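K.L.:
Sharing a model prediction with you, sequence too.
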Amino acid sequence: MSFSASSKVNVLLVGSGGREHALAWKLLQSPKLGGLFVAPGNAGTFDYNVPISQTDYRALVEFAKRNSCFTIIGPELPLHEGLVDQLSSEGLSSFGPMRNSARIETSKSFAKNFMKINHIPTAEFRIFEDHSQALDYVLSIGGNAVVKVNGLASGKGVFVCSNIDEATNALKSIFIERDFGHAGSSVVIEEKLSGFEVSLFALCDGKVARFLGTAMDHKRLLDGDRGPNTGGMGAFSPAVKFDRSQIDLVMRKIVEPTVKIIGFKGFLYVGLMITSDGPKVLEYNARLGDPEAQCILPRVKFDILDRLLAIDKEGLQSLDEPFTLSEEYSCCITMCSQGYPTKALETGFEIAGIADAQRLDRVNVFHSGTKFNEGKIFTAGGRVITVNATGLTLREASERAYAGVRLISWKGENHRTDIGRDPNG
Ligand code: AMP
Ligand code: GLY
């Protein structure tokens, strides 16, 4: 199925996070949008939700077919499990990579070998399937290494180690305690890079790519980048200290070859460490980041649906229009439940103040783990709300976002207080 340039289009948006709420918010600005259906969505997308799980692929395909939908997939799991392949085999259009291309995110060993063979700059690495061999290796290098679970681990399978104890504990958690299940049946052990981190996003049609913005994520739980890694506690866009010439270099040397060789279609997200030897890839993701999407989408000045449909139909090379982003800064703060990022979460608490925060100038409140019940909104996950704000400077965007955060509360709420506060990120 493909859609004509003039008619309205129904969209099925798969996922239930803040990224999907931000995508829904952006899609709703498009004059091209017919019906919007979010499966399963959260309280922020309540009016558009359909009760289909993001992993009930048969029901998603049936729904897309019955309602003539263009499907946009937010999270990595349905990509990993081949939702795009299934839609395509039914002749249905979608935006996202096929299962094979999504391996660039879903298998770290695939991504590392791909980069090595294709001379894409990244940290030196070794891959191990055996606990004792991995242990011998980390002991031989003094434990100063990054240990990564090979498969999907919701951003929690990376251990940045500085000594033998830390590296030994990481391997124990993966191989002995099996904290990551099958995803941890092998590990990638990497050289530890230093520098500063930047996330770069691109829209890709399987052959070429267009730049979609940069962001700086804050993955650690606590202020000052301390504590355990999380899925992301806040972000801002654009990344400071990263200019147009560096963006062009990354697009030319990393993004474009990757898209062409892999045949990648969808949102590509490259996590980079900017080292003294230049940018090196820390990871690829086959989707938009969360909360980076909540930061970047408010800067997007073009009709995203129109562009995604055009990419699907004609490819990027036929599009002359600029993909303009606002010059403003955008900052996002993620508010979490007590216990996040462990599994011992406390949820089910009523959330107050969302409407007050939403009324602030240039503030958007995006939901993640929230549930709607009898007119009230309750917490239902680890990351609960992301407050976004824009401003002429990063400080202004950050102050505005924190003004929104101060209005929202629930029992056990937790957030970082330093996102966008340091002008150097
Ligand atoms: P990843 O999910 O692979 O991006 O890793 C999560 C985080 O771990 C990154 O954002 C970095 O902060 C850190 N990290 C990953 N790989 C390395 C590396 N080779 N050197 C230093 N830090 C790293
Ligand atoms: N914020 C990091 C991610 O979405 O993977």
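P.N.:
Okay, I see it. Ligands and ions are numbered 1, 2, ... in the order given.
K.L.:
how many other residues sit next to the closest residue in space to residue 45 that isn't next to it in sequence?
P.N.:
Nearest non-adjacent residue to residue 45, counting by Cβ to Cβ, 6 or more residues apart in numbering: residue 38, 4.3 Å away. The C-beta positions use only the backbone N, C-alpha and C, and glycine is treated the same way. Other residues within reach of residue 38, judged by other Cβ atoms under 10 Å, total 28.
K.L.:
surely residue 38 meets residue 22?
P.N.:
No - in this structure, residue 38 is not within contact of residue 22 by Cβ atoms under 8 Å, at 11.7 Å.
K.L.:
Ligand 1 contacts on the protein?
P.N.:
Contact residues (Cβ under 6 Å from any ligand atom) of the chain with ligand 1: 123, 146, 148, 155, 158, 160, 190, 192-193, 197, 219, 229, 271, 282-283.
K.L.:
Buried ones among these?
P.N.:
123, 146, 148, 155, 158, 160, 190, 193, 197, 219, 229, 271, 282-283 (16 or more other Cβ atoms under 10 Å).
K.L.:
Considering those, which member attains the minimum pLDDT?
P.N.:
Lowest pLDDT among those: residue 155, with 70.
K.L.:
Can you list phi and psi of that one for me?
P.N.:
Main-chain torsions, residue 155, degrees, to the nearest 10: phi 80, psi 10.
K.L.:
go on, the one 4 residues further on?
P.N.:
Residue 159 adopts backbone torsions of phi -120, psi 110, taken as degrees, to the nearest 10.
K.L.:
What count of nearby residues applies to it?
P.N.:
21.
K.L.:
repeat for the one 5 residues further on
P.N.:
Residues within reach of residue 164, counting by other Cβ under 10 Å, total 15.
K.L.:
Quick check, pLDDT for it.
P.N.:
Looking at residue 164, its pLDDT stands at 93.
K.L.:
for the residue lying closest to it once chain neighbours are set aside, what are its contacts?
P.N.:
Once flanking residues are discounted, residue 164 sits nearest to residue 143: 3.7 Å by Cβ to Cβ, 6+ apart. Remark: with contacts taken as Cβ atoms under 8 Å, 6 or more residues apart in numbering, residue 143 is in contact with 161-168.
K.L.:
Can you show me the strands along the stretch 251-400 of the chain?
P.N.:
265-275, 278-285, 329-336, 363-367, 370-373, 376-379, 383-391 (DSSP state E, counting those that start in this stretch).
K.L.:
Between those strands, which one is closest to residue 186.
P.N.:
Among those, strand 278-285 comes nearest to residue 186, with 15.9 Å by Cβ to Cβ.
K.L.:
Other residues contacting that closest one?
P.N.:
76, 104-105, 108, 111, 115, 120-123, 193, 197-198, 246, 249-250, 253-254, 258, 268-273.
K.L.:
Report the buried members of those residues.
P.N.:
76, 104-105, 108, 111, 115, 120-123, 193, 197-198, 246, 250, 254, 258, 268-273.
K.L.:
Just the ones of those in helices?
P.N.:
Counting by DSSP state H, the buried ones among the contacts of strand 278-285 place 76, 104-105, 108, 111, 115, 246, 250, 258 in helices.
K.L.:
before we move on, back to that, now, which of the residues of the chain next to ligand 1 lie within strands?
P.N.:
Counting by DSSP state E, these place 146, 148, 158, 160, 190, 197, 229, 271, 282-283 in strands.
K.L.:
Dump these into a markdown table; add distance to residue 175 as well.
P.N.:
What follows is these, written out as a markdown table (distance: Cβ to Cβ, whole Å):
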| residue | distance to residue 175 |
| --- | --- |
| 146 | 16 |
| 148 | 13 |
| 158 | 16 |
| 160 | 18 |
| 190 | 17 |
| 197 | 28 |
| 229 | 19 |
| 271 | 25 |
| 282 | 23 |
| 283 | 21 |
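K.L.:
Quick check: the two most widely separated of those residues?
P.N.:
It's 148 and 197 that sit farthest apart of those, by Cβ to Cβ, at 15.2 Å.
K.L.:
How about the helix or strand harbouring the residue nearest to residue 45, which residues are buried there?
P.N.:
Taking DSSP states H and E as the definition, one finds residue 38 inside strand 33-40. Across strand 33-40, burial judged by 16+ other Cβ under 10 Å covers 33-34, 36-40.
K.L.:
likewise stretch 186-206?
P.N.:
186-190, 193, 197-206.
K.L.:
re earlier: quickly name whichever of the buried residues of strand 33-40 is closest to residue 182.
P.N.:
After measuring the buried residues of strand 33-40 against residue 182 - Cβ to Cβ - the closest member comes out as residue 40, at 24.5 Å.
K.L.:
Please, where are all the helices along the stretch 201-350 of the chain?
P.N.:
244-250, 256-262, 292-296, 304-313 (DSSP state H, counting those that start in this stretch).
K.L.:
list the contacts for residue 393?
P.N.:
So residue 393 contacts residue 329 (Cβ under 8 Å, 6+ apart).
K.L.:
Go through the helices of the stretch 201-350 of the chain and pick out the most buried.
P.N.:
Highest mean neighbour count of the helices of the stretch 201-350 of the chain: helix 292-296, a mean of 32 (counted as mean count of other Cβ atoms under 10 Å).
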